[in-house]
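S.K.: Structure, please.
(one chain, ligands or ions: 1)
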Amino acid sequence: MGWMIMGSIALVAIILIQIGRINELAARIRGEEEAQFRSNTFNGGLGVVFMVGFLTFVFASFMYYKNSLLGYGPHTSASIHGTWIDNTFNITMTITMIVFVITHILLFWYAWKYRERAGHAATFYPHNNKLEMIWMGVPAIVMTFLVIGGLSVWNRTMADIPDHWTPVSGLNEIGEEDYIEVEGTGLQWQWILRHPGEDGKLGARYYTEIEPGINPLGQIWTDEKNHDDLQPDKLVLPVNVPVRVRIVAMDVLHNFYLPHFRVKMDAVPGMPTYFVFTPTTTTKEYRQRLKDYPEWQEIADPDDEEKKQRWEVFDYELACAELCGKGHFSMRRVVEVVEQDEYIAWMSEQKSYYSTNIEGTAKDTYKEGVLSDKETEAESEENITKEDAEITDNKLSEAI
Ligand SMILES: [Cu+2]
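M.R.: From the prediction side, this is the model:
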């Protein structure tokens, strides 16, 4: 196939060169001027053919791929801020598309219309102040609106959770100003997800505590907030609850990418980042949405006895969007958005990393006796220590 395309391109090139040679020969026989006119007509005509062909190709490819595009058809956003981003994209796309079609047609049509031919010299039109004012002014005004609109969306999208909001587990009734904080740590080549457990709070980490296979995140076991933290193999979230994701990396650059929620943020070693988003569509609802499209009704896996269709096995995914090495492709994780009761049921089946891997082993640095000394100390100067501890906690957890 590749060779055939290459061969066709080479053939077309040879034909064009030969036509050029014939024109040269004809010029010698019939005179320069007439040959020039013929050449102008031929090139102008080719331009018009290209214009029609290219516009057809652009629209045909759009129609062909439209249901695969984010922000269109089945793939409208599954989060609140994602809808703002989709709208911004669609407005920009519509305006630039109109300009593209008009300028594309004019470019080639004028080259044809004003070509030099018998009794008609090519029009020389070097300057027009009014025209220049219009073609500078109109785009400037449109761009201003697009940029201001885009900035406003950007600022709202990137805003952090307000300070007075409460991190919760999502197991009880969720208030207006509650959110769930989870964590994604990128390393070659996987995402280690961390969920805060019943206290709704992620415990502190420090890089010197990291032991691959034993304490992969470097959690500090003397911090009780760590004791109920989960490391689930998929990200499960209740619908319509704001989520704050702490994003960290342990080796090279990764990127925390949830395409269906329009979440994308670099995971940078040594520089914690975050992203706040609110999922609005459960996995089940999204599957129902896909069900209506023929390409999603195909059999997902021919070897599967149940012959499930593609929409039935669809899952949201967390991907790495930063080429981070040879195992980059394997960083996929499933994301599941569920109703709160399903979320509670899922949580009840989970066991914390501490209770299954650390508690009671030689690696367990949490010793009642040792800690109670510290606690006695802490109680005597409670206020200062508490504040200090909180600051240290924040610093520690942000330090990786
Ligand atoms: Cu990666």
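
S.K.: The residue of the stretch 51-200 of the chain at minimum distance from the ion: what's it in contact with?
M.R.: In the stretch 51-200 of the chain, the residue found nearest to the ion is G186; the distance is 5.2 Å by C-beta to the ion. Every residue, glycine included, has its C-beta placed from N, CA and C. With C-beta atoms under 8 Å, 6 or more residues apart in numbering as the criterion, the residues that contact G186 are 247-250, 254-256, 267, 320, 324, 331.

S.K.: Look up how far F261 lies from it.
M.R.: To F261, G186 is 17 Å away according to C-beta to C-beta, to the nearest Å.

S.K.: Not counting residues beside it along the chain, what's closest to I95?
M.R.: In this structure, I95 finds its nearest non-sequential neighbour in V142, 6.2 Å apart by C-beta to C-beta, 6 or more residues apart in numbering.

S.K.: and the one you found, what pLDDT?
M.R.: Predicted confidence (pLDDT) for V142: 92.

S.K.: That one: what secondary structure?
M.R.: For V142, the secondary structure call by DSSP: H, G, I helix; E, B strand; the rest coil comes out as helix.

S.K.: What ranges does the stretch 301-400 of the chain have for its strands?
M.R.: Along the stretch 301-400 of the chain, the stretches classed as strands by DSSP state E, counting those that start in this stretch are 316-320, 333-338.

S.K.: what's the answer for the chain, then?
M.R.: Under the criterion DSSP state E, strands of the chain are mapped to 166-167, 178-187, 190-194, 235-238, 243-249, 254-258, 263-267, 273-277, 316-320, 333-338.

S.K.: Next, format the strands of the stretch 301-400 of the chain as a markdown table and append mean neighbour count and distance to T278.
M.R.: Supplementary listing: the strands of the stretch 301-400 of the chain in a markdown table, determined by neighbours: other C-beta atoms under 10 Å; distance: least, C-beta to C-beta, whole Å:
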| stretch | mean neighbour count | distance to T278 |
| --- | --- | --- |
| strand 316-320 | 21 | 14 |
| strand 333-338 | 20 | 10 |
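
S.K.: Of all those, which one is nearest the ion?
M.R.: Once those are compared by C-beta to the ion, strand 316-320 is nearest, at 3.2 Å.

S.K.: could you give the mean pLDDT of the closest one?
M.R.: Along strand 316-320, the predicted local confidence has a mean pLDDT of 94.

S.K.: which bits of this structure sit near the ion?
M.R.: Those residues of the chain that sit near the ion, judged by C-beta under 5 Å from the ion, are 254, 320, 324, 331.

S.K.: Would you map the helices across the stretch 151-300 of the chain?
M.R.: Secondary structure of the stretch 151-300 of the chain (DSSP state H, counting those that start in this stretch): helices at 283-291.

S.K.: Nearest residue to the residue of the stretch 151-300 of the chain found nearest the ion in space, please, no chain neighbours.
M.R.: Here the residue of the stretch 151-300 of the chain nearest the ion is H254; by C-beta to the ion that distance is 3.5 Å. Distances taken as C-beta to C-beta, 6+ apart place G186 nearest to H254, at 3.0 Å, with adjacent residues excluded.

S.K.: what are the bridge partners for the one you found, then?
M.R.: W191, A249 (DSSP bridges).

S.K.: Distance check, the residue of the stretch 51-200 of the chain closest to the ion against G53.
M.R.: Note on G186: its distance to G53, by C-beta to C-beta, is 44 Å.

S.K.: With F42 instead?
M.R.: From F42 to G53 the distance is 16 Å (C-beta to C-beta).

S.K.: So between the two, which is more surrounded?
M.R.: For F42 versus G53, neighbours defined as other C-beta atoms under 10 Å are more numerous around F42 (14 against 10).

S.K.: tell me the contacts of the more buried one?
M.R.: For F42, the contacting residues are 19, 23, by C-beta under 8 Å, 6+ apart.

S.K.: distance of it from Q288?
M.R.: Distance of F42 to Q288, computed by C-beta to C-beta: 56 Å.
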